[in-house]
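**Q** output the structure for:
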Amino acid sequence: MSKDLAPKISDSELEVMRVLWRAGDALPVTEIREALQKSRGWEATTVKTLISRLVTKGVLHQEKRQVFYYSPLISEKEYNDWATHDLISRVYHGSARDLVAALVRSDGLTQADIDELRDLFKLEDS
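**A** A predicted model of the protein is given here:
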């Protein structure tokens with residue numbers, strides 16, 4: 001994924017991407033609209049505008065069948081990896097340790113989370 005594309009995805013556009021990531025397959029605009037109408041109450045014009053922006057930004061593929069179908073050109077993992085890196089860079093000056101320390105101090109991690117991370121680090125050392 002281009003590092004230039006991810007920051008251009010707004011929170012509302014991210015909701016459209018999440019519908020498509022969950023679906024795991026290309027969807028017509030009607031199914032995307034129905035999902036977002038239920039979860040967000042968005043009107044058809046809003047959803048169509050968001051989809052159009054994502055196509056223009058190059059993160060959604062548009063395919064003409066009997067109607068247009070849309071599929072993501074970036075995976076959720078790619079986006080999440082970028083967003084995590086961006087958060088660490090912008091907020092924690094590139095320090096993942098500072099991010100984790102902030103989570104621990106703010107009770108953002110449970111003891112089970114900490115144990116799981118500890119086990120993960122042990123696996124990395126092996």
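
**Q** give me the neighbour count for R33.
**A** Counted with other Cβ atoms under 10 Å, residues neighbouring R33 total 21. Every residue, glycine included, has its C-beta placed from N, CA and C.

**Q** return the residues in contact with it.
**A** Listed by Cβ atoms under 8 Å, 6 or more residues apart in numbering, the contact set of R33 reads 42, 44, 47-48.

**Q** filter those down to the buried ones.
**A** Buried members of those, counted by 16 or more other Cβ atoms under 10 Å: 42, 47.

**Q** so what does G108 look like in phi/psi?
**A** Backbone geometry at G108, expressed as degrees, to the nearest 10, gives phi -80, psi -10.

**Q** gap between it and S12?
**A** Here the criterion is Cβ to Cβ, to the nearest Å. By it, G108 lies 25 Å from S12.

**Q** with S75 instead?
**A** The value you get for S75 to S12, if Cβ to Cβ is used, is 20 Å.

**Q** in stretch 103-114, what counts as buried?
**A** L109.

**Q** how far does that stretch stretch from start to finish?
**A** End-to-end distance for stretch 103-114: 10 Å, by Cα to Cα, to the nearest Å.

**Q** repeat for stretch 103-110
**A** 10 Å.

**Q** and S75 and S12? which has more neighbours close in?
**A** Shown here are S75 and S12; by other Cβ under 10 Å, S12 has more neighbours (15 against 12).

**Q** which residue is the nearest non-sequential neighbour of the more buried one?
**A** Spatial nearest neighbour of S12, excluding adjacent residues (Cβ to Cβ, 6 or more residues apart in numbering): L50 at 5.7 Å.
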